[in-house]
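**Q** Below are the sequence and a predicted model for it; my questions follow.
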Amino acid sequence: MKFLRFYYKDKIKTGYFDGKKVIELDDSIEKVLNSWDGGKYLENKMKNSYSLENISFTPPIIPSKIVCIGLNYKDHANELQMEIPDEPKLFLKPPSAVIGHNEIISYPPSSNEVDYEGELAIVMRKSGKNLSFEEVNEYIGGYTILNDVTARDLQRKDEQWTRAKSFDTFAPIGPFIQTEMNPNRQNISLKVNGKIKQRSNTKNMIFTVEELVEFISNIMTLNPGDIIATGTPSGVGEMKSGDIVEVAIEDIGILKNKIV
Ligand code: MG
């Protein structure tokens with residue numbers, strides 16, 4: 001199921017997209033993800049329906065933290081001539097950086113080199129700590145798309161990543177949270193102004209979704225709504241002001257944003 005949050009007449013609502021229309025649900029997205037049972041739960045939750053043209057997207061969820069993986073695709077490691085890491089390399093992006101589908105990425109005046117990084121993102125549904133590999137799927141609510149926008153010049157200058165990764169609008173997510181898909185077998189691609197820049201499959205990830213959640217939950221408690229961005233494939237590059245960037249993941253959809 002493709003769940004989302006959206007604006008309709010200045011109110012934020014939760015719903016799902018049935019392929020044609022958005023059906024409003026009488027619950028928060030956190031409650032929906034935590035209660036989703038494959039069907040029955042929806043029976044007395046459905047309210048009005050809307051066509052896509054009459055709504056605008058908001059971020060599908062607001063996380064308490066976004067945990068990101070630094071290098072997680074074999075093709076990207078080869079491109080950078082870097083060794084395959086033996087453990088995931090982690091960093092954080094702040095929740096204040098989150099924007100939704102179709103919202104504007106703002107180009108910060110302090111940078112001259114802003115890059116896109118198209119990524120699959122895990123969305124947690126329950127609070128979890130010290131999870132085992134076997135337990136993690138019970139705690140995952142679904143999957144969305146994240147563009148890990150990065151001020152590359154500031155990342156090099158600072159030698160650590162907080163400033164470069166944390167500007168407001170540097171974490172576009174959405175458009176949907178997909179609850180039914182195989183996260184480790186998804187085609188992922190990214191276009192700038194309609195031209196393909198990144199193309200891979202999540203099967204090329206060094207650490208699988210389950211391995212990442214297990215690893216991270218043994219460091220920090222993962223809260224409902226928290227997001228784990230699973231790293232970007234090869235083909236990372238720059239965006240210029242005015243560019244339109246689109247990240248596509250097979251079973252989720254397309255996350256589109258303009259940078260200005
Ligand atoms: Mg990244």
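**A** Structure received.

**Q** From here on, just use CA atoms for contacts and neighbour counts.
**A** Fine.

**Q** Around the ion, pick out the residues from the chain.
**A** Neighbours of the ion within the chain, by C-alpha under 5 Å from the ion: 148, 231.

**Q** Identify the single longest helix in the chain, thanks.
**A** If you go by DSSP state H, the chain has its longest helix at helix 209-217.

**Q** any residues touching that one, and which ones?
**A** Identification of contacts with helix 209-217 by C-alpha atoms under 8 Å, 6 or more residues apart in numbering yields 88, 122, 128-133, 136-137, 183-184, 228, 230.

**Q** Now restrict those residues to buried residues only.
**A** 88, 122, 128, 129, 130, 131, 136, 137, 183, 184, 228, 230 (16 or more other C-alpha atoms under 10 Å).

**Q** wouldn't the third one be in contact with residue 225 here?
**A** This points to residue 128. No - taking contacts as C-alpha atoms under 8 Å, residue 128 lies outside contact range of residue 225: 11.3 Å.

**Q** quick one on the thing from earlier: of the contacts of helix 209-217, which is the nearest to residue 152?
**A** Of all the contacts of helix 209-217, residue 230 has the smallest distance to residue 152: 18.7 Å, by C-alpha to C-alpha.

**Q** give the contact list for that closest one.
**A** Here residue 230 is in contact with 68, 69, 72, 119, 120, 121, 122, 209, 212 (C-alpha under 8 Å, 6+ apart).

**Q** The first one pairs with what?
**A** Note on residue 68: beta-bridge partners by DSSP bridges are residue 91, residue 229.

**Q** Can you give me the neighbour number for it?
**A** The tally of other residues near residue 68 (other C-alpha atoms under 10 Å) stands at 23.

**Q** Likewise for the last one?
**A** Using other C-alpha under 10 Å, residue 212 has 23 neighbouring residues.

**Q** Repeat that for the second one.
**A** Residue 69 has 19 neighbouring residues, counting by other C-alpha under 10 Å.

**Q** I'd say it and residue 91 touch.
**A** Yes - the pair residue 69 / residue 91 is scored as a contact, 6.6 Å apart, by C-alpha under 8 Å.

**Q** of the contacts of helix 209-217, closest to residue 57?
**A** residue 122 (19.0 Å).

**Q** Mind giving me the packing neighbours of the one helix or strand that closest one maps to?
**A** Assigned by DSSP states H and E, residue 122 belongs to strand 118-124. Under the contact criterion of 3 or more C-alpha pairs under 8 Å, 6 or more residues apart in numbering; DSSP states H and E, strand 118-124 touches strand 140-147, strand 187-192, strand 227-229, strand 244-249.

**Q** same for the second one, what does it pack against?
**A** Same thing as strand 187-192. Helices and strands touching strand 187-192, as assessed by 3+ C-alpha pairs under 8 Å, 6+ apart, comprise strand 118-124, strand 195-201, strand 244-249.

**Q** quick one: strands adjacent to the helix or strand following the shortest one?
**A** Pointing back at strand 244-249 there. Downstream of strand 244-249, the first helix or strand assigned by DSSP H and E is strand 253-259. With DSSP bridges as the test, strand 253-259 is paired with strand 104-105 (parallel), strand 244-249 (antiparallel).

**Q** which of these is buried the deepest?
**A** Compared across the strands paired with strand 253-259, strand 244-249 shows the largest average neighbour count, a mean of 24 (mean count of other C-alpha atoms under 10 Å).

**Q** Residues contacting that one, please?
**A** Residues contacting strand 244-249 (C-alpha under 8 Å, 6+ apart): 116, 118-120, 145-147, 186-194, 239, 254-259.

**Q** Swap in 7 Å and give it another go.
**A** 118, 186-193, 254-259 (C-alpha atoms under 7 Å, 6 or more residues apart in numbering).

**Q** what number of residues lie near residue 231?
**A** So residue 231, with other C-alpha under 10 Å, has 27 neighbours.

**Q** got the phi/psi numbers for it?
**A** phi 100, psi 160 (degrees, to the nearest 10).

**Q** So for it, what's the pLDDT?
**A** Per-residue confidence at residue 231 stands at 97 (pLDDT).

**Q** got it, and residue 162?
**A** 97.

**Q** what sits up against the strand holding residue 122?
**A** 139-148, 190, 223-232, 247.
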